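A.B. asks: give me a 3D structure for the following:
(chains A and B)
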Amino acid sequence: MKKELGIIVSNDMVAVDTYKLVINASFSKDVKPGQFVNISIADKAHLLRRPISISEVNDNFITLYYKVIGFGTNKMTLLKQNETIEVIGPLGNGFPLVHKKEVLIVGGGIGIAPLLELAKKLSLDNTVTIILGYQNKGQIYLDKELSKYGELIITTDDGSKGFKGNPVTYLKKHNINFDVIYACGPLVMLKAIDKEYQKSKIGYLSFEARMGCGVGVCYGCAIKTTKGNIRVCHEGPVFELGVVNYEP
Amino acid sequence: MNLKIKLPGLDLKNPIIPASGTFGFGEEMSEIYDLNVLGSIMVKATTIKERLGNSTPRIAEVYGGMLNSIGLQNPGVDAVIEKIKKLEKYNFKVIANIAGESIEDYEEVAKILSKIDNVGALELNISCPNVKEGGIAFGTDPKMVFEITKRVKSASSKPVYVKLSPNVTDIVAIAKAAESAGADGLSMINTLVGMKIDMKTKKPLLANKIGGLSGPAIKPVAIRMIYDVYKNVKIPIIGMGGIMDAYDVLEFLYAGASAVGIGTANIINPYVCKEIIEDLPRVLKEQGFEDINQCIGYAHRKE
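C.D. replies: The predicted model follows:
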């Protein structure tokens, strides 16, 4: 883990409200798929860092995708090439990798981002199927990049592209063979996948949380699990199937 | 440049102490930098039994700071003993923060934790706004503060610092009550009770509805309270409330603090204590001092 001023390589809109941010960061070589960075938005009033998952690593560069939802992400859209941004990373535990298996990767919305580096790594010695869920056609991103690493299925809530529905409803209607499932996306999606497969499959889910520190000291992001209230930033963000307790 | 400060139970090599609840038990931060640079650590509040804490969301960002409602999540005193013992290898004594739901709880935890060799002092947490029993309920009535301080003092074999709540009309009365009950020092201030309503749901954002406001937004409140308390008590004050850099540290010392707790800044920047310690000699020199002890209470000088 390091704190450094990363140099912005690019910051472009790639889908509705979705930006791709590429940063030159020296810790890139240490990144495991599923880890995240904590970004300072350099604002005197909005002080907490923004935890954002690392989507891909290439040489000295890390690629992030973020959805514009509030003050911080709005401010991030203003970042320009060659400007700097203070990043701390890599944080959290990534996805454990499996070998020589039939793997299913499921992503929803902005939760698709951390699955790119994962798919890249898993495709080396596994058979990979990828199901991605978006609200509509305009929200689609990362589909081309991910299609390089496995058979790709797209779902949209309104049916404007691919299967009409979401990855969970798709899986109910279609028979896909797999040994191991990886997923990241909205909590309802993770909950449905967990309930469906926790008894029959091996799987790893990556969770989002409102974080304070991102390094395990403040206990702001603790979630209820079979192992007690544990920190998404430190013990997570990836948890095995059957660990998280979804009841409030 | 001298940064050393001597306080009851604590020989501080510098006045920088991570504040309770923003540094865990040092475990995670020890992987980030060498903790030997610190004056001490105020470890996370400890209760007799394990506490799971409140539901999430527990954190809300607000203008100039944050709200938290962690709810004293901790593994209970037996597990904490082991965690504190792991800090033995460092060159400072730890400040153990104790909490409870009854005076008996506080006494019990004080008795146990004060016996650990590398605990230099206890911090009596009677100001947490996020728990239903105990916490702030003990810290807002001078009579109660007197009673609990006295009982914890007799249970503890180490000096006791009483952590004061700012959610009171007369902080001086509370500080005096703690002093007359035998407190060795004060630490102030804990968080201010606050709330944030979510624009999406139109309901309180925190699951606990209320939380403790911290960060630079509360610094002027802390400075004023320390200034007033310093004039009225003889025991030393460990000051805290929104410190972000070395200049803030000196502001607290000028107001009357003898050392400082760094809280929310650790959450914003995990390296902040180390960075402040490195910058402190420069800022002291710039402000015209050779010894940090010369800064304590400077704002009260008549000249």
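
A.B. asks: if you skip the residues just before and after it, what's nearest to B:Ile268?
C.D. replies: Spatial nearest neighbour of B:Ile268, excluding adjacent residues (C-beta to C-beta, 6 or more residues apart in numbering or on different chains): A:Leu47 at 4.9 Å. C-beta: built from backbone N, CA, C; applies to glycine.

A.B. asks: so for that neighbour, what's the pLDDT?
C.D. replies: Note on A:Leu47: pLDDT of 97.

A.B. asks: go on, B:Asn130?
C.D. replies: Predicted confidence (pLDDT) for B:Asn130: 69.

A.B. asks: which bits of chain B sit near chain A?
C.D. replies: With C-beta under 8 Å from any C-beta of the partner chain as the criterion, chain B comes near chain A at residues B:21-24, B:28-29, B:31-32, B:52-53, B:55-61, B:63-66, B:68, B:70, B:73, B:207, B:215-216, B:264, B:266-271.

A.B. asks: among those residues, which are in helices?
C.D. replies: Per DSSP state H, helices hold the following members of the residues of chain B next to chain A: B:264, B:266-268.

A.B. asks: and the residue nearest to B:Ile268, how many residues sit next to it?
C.D. replies: 23 (other C-beta atoms under 10 Å in any protein chain shown).

A.B. asks: tell me if B:Gly261 really is in a helix.
C.D. replies: No - counting by DSSP: H, G, I helix; E, B strand; the rest coil, B:Gly261 falls outside a helix, being strand.

A.B. asks: bridging residues for it?
C.D. replies: Under DSSP bridges, the beta-bridge partners of B:Gly261 are B:Ile17, B:Met240.

A.B. asks: what pLDDT does it get?
C.D. replies: 98.

A.B. asks: re earlier: possible to save the ones in helices among the residues of chain B next to chain A as a markdown table with distance to B:Tyr247, pLDDT and neighbour count?
C.D. replies: Formatted as a markdown table, those follow (distance: C-beta to C-beta, whole Å; pLDDT from 0 to 100; neighbours: other C-beta atoms under 10 Å in any protein chain shown):
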| residue | distance to B:Tyr247 | pLDDT | neighbour count |
| --- | --- | --- | --- |
| B:Thr264 | 16 | 98 | 31 |
| B:Asn266 | 17 | 98 | 24 |
| B:Ile267 | 20 | 97 | 27 |
| B:Ile268 | 16 | 97 | 20 |
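
A.B. asks: list only those of the residues of chain B next to chain A flagged as buried.
C.D. replies: B:21-24, B:28-29, B:32, B:53, B:55-61, B:64-66, B:68, B:70, B:73, B:215-216, B:264, B:266-271 (16 or more other C-beta atoms under 10 Å in any protein chain shown).

A.B. asks: tell me how far A:Met1 lies from chain B.
C.D. replies: 6 Å (C-beta to the nearest C-beta, to the nearest Å).

A.B. asks: quick check, that residue in contact with A:Gly216.
C.D. replies: No - using C-beta atoms under 8 Å, A:Met1 is not in contact with A:Gly216; the gap is 10.8 Å.

A.B. asks: more neighbours: which of these two?
C.D. replies: Taking other C-beta under 10 Å, A:Met1 and A:Gly216 do not tie; A:Gly216 has more neighbours (22 against 17).

A.B. asks: what's the separation between the more buried one and chain B?
C.D. replies: For A:Gly216 relative to chain B (C-beta to the nearest C-beta), the value is 4 Å.

A.B. asks: phi, psi for the most centrally placed residue in chain A please.
C.D. replies: By C-alpha atoms, centre = their mean, the mean C-alpha position of chain A lies nearest to A:Pro114, the distance being 3.3 Å. In terms of degrees, to the nearest 10, the main-chain angles of A:Pro114 are phi -70, psi -10.

A.B. asks: residue contacts, the residue nearest to A:Glu117 when sequence neighbours are not counted?
C.D. replies: Closest residue in space to A:Glu117, ignoring its immediate chain neighbours: A:Pro33 at 4.1 Å, by C-beta to C-beta, 6+ apart. A:Pro33 is in contact with A:94-95, A:97, A:114, A:117-118, A:120-121, counting by C-beta atoms under 8 Å, 6 or more residues apart in numbering or on different chains.

A.B. asks: if we use 6 Å, what do you get?
C.D. replies: Residues near A:Pro33 by C-beta atoms under 6 Å, 6 or more residues apart in numbering or on different chains: A:94-95, A:117-118, A:121.

A.B. asks: B:Met188 now?
C.D. replies: B:Leu164.

A.B. asks: do you know how far it is from B:Ser114?
C.D. replies: 21 Å (C-beta to C-beta, to the nearest Å).

A.B. asks: wait, A:Lys75 touches A:Ile41, no?
C.D. replies: Yes - the pair A:Lys75 / A:Ile41 is scored as a contact, 5.0 Å apart, by C-beta atoms under 6 Å.

A.B. asks: if you count surrounding residues, which of those two has more?
C.D. replies: Between A:Lys75 and A:Ile41, counted using other C-beta under 10 Å, the more crowded position is A:Ile41 (19 against 15).

A.B. asks: next helix or strand past the longest helix along chain A?
C.D. replies: With secondary structure taken from DSSP H, chain A has its longest helix at helix A:187-197. Where DSSP states H and E defines the elements, the next helix or strand beyond helix A:187-197 is strand A:202-206.

A.B. asks: buried sites along that following strand?
C.D. replies: By 16+ other C-beta under 10 Å, the buried positions in strand A:202-206 come out as A:202-206.

A.B. asks: could you pull out the helices for chain A?
C.D. replies: A:71-76, A:115-122, A:143-147, A:167-173, A:187-197.

A.B. asks: would TSV of those with mean pLDDT be doable?
C.D. replies: Formatted as TSV, these follow (pLDDT from 0 to 100):
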stretch	mean pLDDT
helix A:71-76	95
helix A:115-122	98
helix A:143-147	97
helix A:167-173	97
helix A:187-197	97
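
A.B. asks: which of the ones you listed sits most buried?
C.D. replies: Comparing the helices of chain A by mean neighbour count (mean count of other C-beta atoms under 10 Å in any protein chain shown), helix A:115-122 comes out on top with a mean of 24.

A.B. asks: in chain A, what residue is nearest chain B?
C.D. replies: A:Gly220 (3.7 Å; C-beta to the nearest C-beta).

A.B. asks: and that residue, what pLDDT?
C.D. replies: On the pLDDT scale, A:Gly220 gets 96.
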